[in-house]
Every structure is written in structure tokens, then in C-alpha cells.
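Undergrad: With the sequence up front, the predicted model follows.
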Amino acid sequence: MRPATKTLVVATKNRGKAREFSALFEPLGWEVRSLNDYDRFPDIVEDGDTFAANALIKARAVVAALGVPALADDSGLCVDALDGAPGVYSARYAGEPADDAANNAKLIAELKRRGALLAPAEAGRPALLSAARFVCALAYAEPGGRVRTAEGVCAGAIVADARGANGFGYDPHFYLPEFGLTMAELTAEQKNAVSHRAQALRQMISFWEE
Ligand SMILES: O=c1nc[nH]c2c1ncn2[C@H]1C[C@H](O)[C@@H](COP(=O)(O)OP(=O)(O)OP(=O)(O)O)O1
Ligand SMILES: [Mg+2]
């Protein structure tokens, strides 16, 4: 089961995600179309309990609306000290409409309130950190009803001070110990080598090749 054409609809309105999918698919000779390429595509209600459930909801909604195969991404940030929050609520953590700056401000305020930003023993690390991971569930759906899901995880830590201007969402506060940089300080190529999204996509592509 793999898409029959070299154009793939990605069921997202998030321009940051769409940009990353375009870059990830480009070396494979695939062109990505997002919901921003359709006039007034209705908002999809994401009321699933898990990333995978929400990805399936989005993929199926786009298949139903457009009649073509669709790949959907539901992703978010899970912070250990917040018992996995904001999790599936990452996009609307600070309320709706979704606002990255408000979400980041609420995240840091919440971690400070709980005393959950800790100074690591090692020198050269950012001052205050709190263990976290990015999670990405992908769902691929076809008009015939077949579906496939994949998941990727990227471990890191939330850092109190925002750094970097690349990426989107929580990237300026997501610190990667192996780089000594936040996700927003990585180049697009670096992020696409390690991200939760890239890992989930690698798994999905391996399913497509089965
Ligand atoms: O690589 C990432 N770098 C930073 N932040 C990220 C990343 N990946 C997900 N996130 C955050 C953004 C948003 O707050 C939430 C996703 O929510 P999610 O519902 O999956 O996406 P969305 O509503 O922005 O667009 P859409 O549903 O149309 O795909 O997690
Ligand atoms: Mg969403």
C-alpha cells in the first residue's frame, strides 16, 4: 500500500509542518500539497484521545472530502513534569485560536510555578531544563478505507529561555542535548534528520515499501 501518484496531500493547515514535509519528500521526488492549497478547507475537529487517533481523523476527513489518499500528522509536546501535558492539546494549550507564543508562555509559566525547571550538574548546558519529548503520529488513508499509522519520538528538554528563529511551535524552547542547541537553532536539514516527524515518516515509508 503506497500512494499511486507522486503528489501527496498532507492533511494539515500548519505551514511549519507543510514546509517540513515538502523538504522530507523532495529527495524522493514527491510533491506535497497541504490543505492551505485548497480554498477554505473546513477545520477538522480533532477530538481523539491520542496522537494516532487524531491523525486518523484528519487523514480520513481529507480522503472523504477530496477522494484521494492523504497523509496526516498529529503531533505535540509531552513534558515529564507535567505528566505528559500538553500532549494532544499542544496546539490549543493556551486556548483557541492556536497561538505558538501564548502556548510557549503558558508552558514556561507552568513549569516555573511547579519548580520543574532544574539546573543540570554539567557545565555548558542551558541554565534551566525540564525533560520532554516531541511525539508525531502519522496516518495514511486511502479512498478504499485502508489506513496505516506510524509514530516517531524525539527526546530533549524544555529550556526556560527561547533561542533560535527556525522551525515553529515549541521549537525555541526545545533543547537537544546532543546538539547543545534548541530545535529552533537547527537548520531545516538538521531538524529533518532527527525530528519526531522525520522518524515517523521513515517508518511510514518503510511500511509503504513492504
Ligand atoms: O516539530 C515541532 N516543533 C515545534 N512544535 C511542534 C512540532 N510538532 C508539533 N508541534 C506542536 C505545534 C502545535 O502546538 C502542536 C501540533 O498540533 P497539531 O494539531 O498536530 O497541528 P496543528 O493544529 O498545528 O496543524 P494541523 O492539525 O492542521 O496539522 O504541537
Ligand atoms: Mg491541529
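TA: Arrived safely. Ligands and ions are numbered 1, 2, ... in the order given.
Undergrad: Any idea how far apart the tips of stretch 78-95 sit?
TA: 17 Å (C-alpha to C-alpha, to the nearest Å).
Undergrad: likewise stretch 35-53?
TA: Terminal residues of stretch 35-53 are spaced 19 Å apart (C-alpha to C-alpha).
Undergrad: any chance you could map the helices in the protein?
TA: Secondary structure of the chain (DSSP state H): helices at 15-25, 51-66, 100-113, 188-194, 196-208.
Undergrad: can I get those in TSV with distance to ligand 1, mean pLDDT and mean neighbour count?
TA: Bear in mind the C-beta positions are built from the backbone N, C-alpha and C, glycine included. Converted to TSV, the helices of the chain look like this (distance: least, C-beta to the nearest ligand atom, whole Å; pLDDT from 0 to 100; neighbours: other C-beta atoms under 10 Å):
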stretch	distance to ligand 1	mean pLDDT	mean neighbour count
helix 15-25	6	98	18
helix 51-66	6	98	21
helix 100-113	6	97	16
helix 188-194	7	98	15
helix 196-208	6	97	18
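Undergrad: CSV for these, including distance to Phe174?
TA: Output for the helices of the chain, formatted as CSV (distance: least, C-beta to C-beta, whole Å):
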stretch, distance to Phe174
helix 15-25, 13
helix 51-66, 17
helix 100-113, 10
helix 188-194, 10
helix 196-208, 10
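Undergrad: for those helices, which one sits closest to Gly144?
TA: When these are compared by C-beta to C-beta, helix 51-66 sits nearest Gly144, at 9.3 Å.
Undergrad: packing partners for that closest one?
TA: strand 70-79, strand 129-141, strand 147-159 (3 or more C-beta pairs under 8 Å, 6 or more residues apart in numbering; DSSP states H and E).
Undergrad: Give the buried residues for stretch 2-11.
TA: By neighbour count with 16 or more other C-beta atoms under 10 Å, stretch 2-11 contains the buried residues 3, 8-11.
Undergrad: didn't Arg197 look like it was pressed against Ser22?
TA: No. Counting by C-beta atoms under 8 Å, Arg197 does not reach Ser22; the two are 11.9 Å apart.
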